[in-house]
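[1] Give the three-dimensional model of this entry:
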Amino acid sequence: MTNRHANALFFLIPAVCISSYAHANQPQRWSAGLNADISLLTGYSESRSPFNTDDSTIGDYGKADKESSFLVAPLGTISYTNQTLDKQIYFGTSRSDLAFGRFHVELGYKHKLDGNGTLVFSYVPGLLTSETWQDPYLLDQARAKTDSKIKGLRFQYNQILGSNFSLELSGGNQDLDKETSGSSQATLSDAQKQSLDRQSDIYYAQLSHSMPISRAQFLRSAISYTRNDAQGDAMASDSFGAELSVVQRVNKASFALTFSYDYIAFDEQNPIFERTQQDDKWGVFLASQYDEPMGWKSWNLVSLIGYNQSNSNISFYDEESLLFTVGMNYRF
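    Residues are numbered from 1 along each chain as shown. Below you'll find the predicted structure:
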């Protein structure tokens, strides 16, 4: 789910919450019983977006001002694995999603298929909310905030039939507590205002491939498609994405460098700008992990530097974000 309007979890929240598990997407050993993976990150973020909720009043539809902040982000997953090590239930953040630039909380079930890969079924309950504007287009007056959240279901088949290919299919719903986009535009008809409604159903598919280059290095590539079926036609869109990651292990350290690109095409003309929106979004993330610093068993030092930029043919929608985090991870 990479559409900016459809899912803030993949542009702004990931920039705040990505943990640097540089060996993500590699098979992890399961341990029977109750296990936990807990991280505490601190860092700095800087972003430019028309949906940032710090500056309540705007005078025109130019690019948004930059905003910066320091952050503290606790993350983690709790899991229970059966004694035969082929079934697991878990709740929390997904390790591979975090390292490859996405973030959410989910409740899930994993089942290993005896050399034929792993099936994963999960539910995203919408516990995390983000703030946005009820009407982003209101000029010269204080805009009111509203909460946005996403609920969804995910299916993943990792290492299909024992191969290096993996598949993800997911669907969800984005809901805003109060959506009034365009209500401040006296010149728009009711139908035109309705075309700006951001509430939507979201459908996502990704096919990925992991290729070992050596015992200490592998290459991951992925292609994806997102359909944001918004209630407003001007906000509905199709997104086509690609990712390329290189993961390198050096002694006790791991590094993951990920590049991503998405092309987003919207369905209908935006009545405020009299243009059909098109976006080009790209990002780069460098995640690292150092095992057992100072000899501390079960501890890891983790960090991430990430940058996202979205260029639109409507300058109001241009966005960019920068993040640096460092923290500790504890596993038991």
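[2] Let me know the secondary structure of the residue in the chain sticking out farthest from the centre.
    In the chain, residue 187 marks the outermost C-alpha relative to the chain mean, sitting 35.9 Å out by CA atoms, centre = their mean. Assigned with DSSP: H, G, I helix; E, B strand; the rest coil, residue 187 falls in the coil class.
[3] Likewise for residue 232?
    With three-state DSSP as the basis, the three-state label of residue 232 is coil.
[4] Number of residues surrounding it?
    Neighbour count for residue 232, taken as other CB atoms under 10 Å: 24. Any C-beta I mention is one placed from the backbone N, CA and C, and that applies to glycine too.
[5] could you list every residue that touches it?
    181, 194, 195, 196, 197, 198 (CB atoms under 8 Å, 6 or more residues apart in numbering).
[6] So the fifth one, which state does it fall into?
    Translated: residue 197. Classified using three-state DSSP, residue 197 is coil.
[7] From residue 267, how far out is it?
    According to CB to CB, to the nearest Å, residue 197 stands 12 Å off from residue 267.
[8] So residue 266 sits against residue 277, correct?
    Yes. At 4.2 Å, residue 266 counts as touching residue 277 under the criterion of CB atoms under 8 Å.
[9] hey, what's in contact with both of these two?
    Common neighbours of residue 266 and residue 277, using CB under 8 Å, 6+ apart, are 234, 237.
[10] neighbour-wise, which of the two wins?
    residue 266 (27 against 21).
[11] I'd assumed the more buried one was in a strand, is it?
    Yes. Assessed by three-state DSSP, residue 266 belongs to a strand.
[12] Show me the helices in this structure, by range?
    For the chain, helices defined by DSSP state H occupy the ranges 13-17, 95-99, 190-194.
[13] rank those by pLDDT, which is bottom?
    Among the helices of the chain, helix 13-17 has the lowest mean pLDDT, at a mean of 33.
[14] Residue 140 reaches residue 57, doesn't it?
    Yes. Counting by CB under 8 Å, a contact exists between residue 140 and residue 57, whose distance comes to 6.8 Å.
[15] what about the residue nearest to residue 47 when sequence neighbours are not counted, distance to residue 310?
    Once flanking residues are discounted, residue 47 sits nearest to residue 321: 4.0 Å by CB to CB, 6 or more residues apart in numbering. Residue 321 sits 9 Å away from residue 310, going by CB to CB.
[16] do the same with residue 131
    Using CB to CB, residue 131 is found at 19 Å from residue 310.
[17] Show me which of those two is the more surrounded one.
    Set residue 131 next to residue 310 and count neighbours by other CB under 10 Å: residue 310 wins out with 21 against 15.
[18] wait, that one sits on residue 319?
    Yes. The pair formed by residue 310 and residue 319 meets the contact definition of CB under 8 Å, at 4.3 Å.
[19] count of neighbours near the residue lying closest to residue 298 once chain neighbours are set aside?
    The shortest distance from residue 298 to any non-neighbouring residue, by CB to CB, 6+ apart, is to residue 331 (5.3 Å). Residue 331 is flanked by 16 other residues according to other CB under 10 Å.
[20] okay, and for the stretch 101-250 of the chain, where does confidence drop off?
    Across the stretch 101-250 of the chain, the ranges flagged by pLDDT under 70 are 101-103.
[21] repeat that for 80
    Flagging of the stretch 101-250 of the chain using pLDDT under 80 yields the residue ranges 101-104, 128.
[22] quick one, strands of it?
    In the stretch 101-250 of the chain, the segments counted as strands under DSSP state E, counting those that start in this stretch are 105-112, 118-124, 129-133, 145-158, 165-176, 200-214, 217-230, 237-250.
[23] Understood, closing this out.
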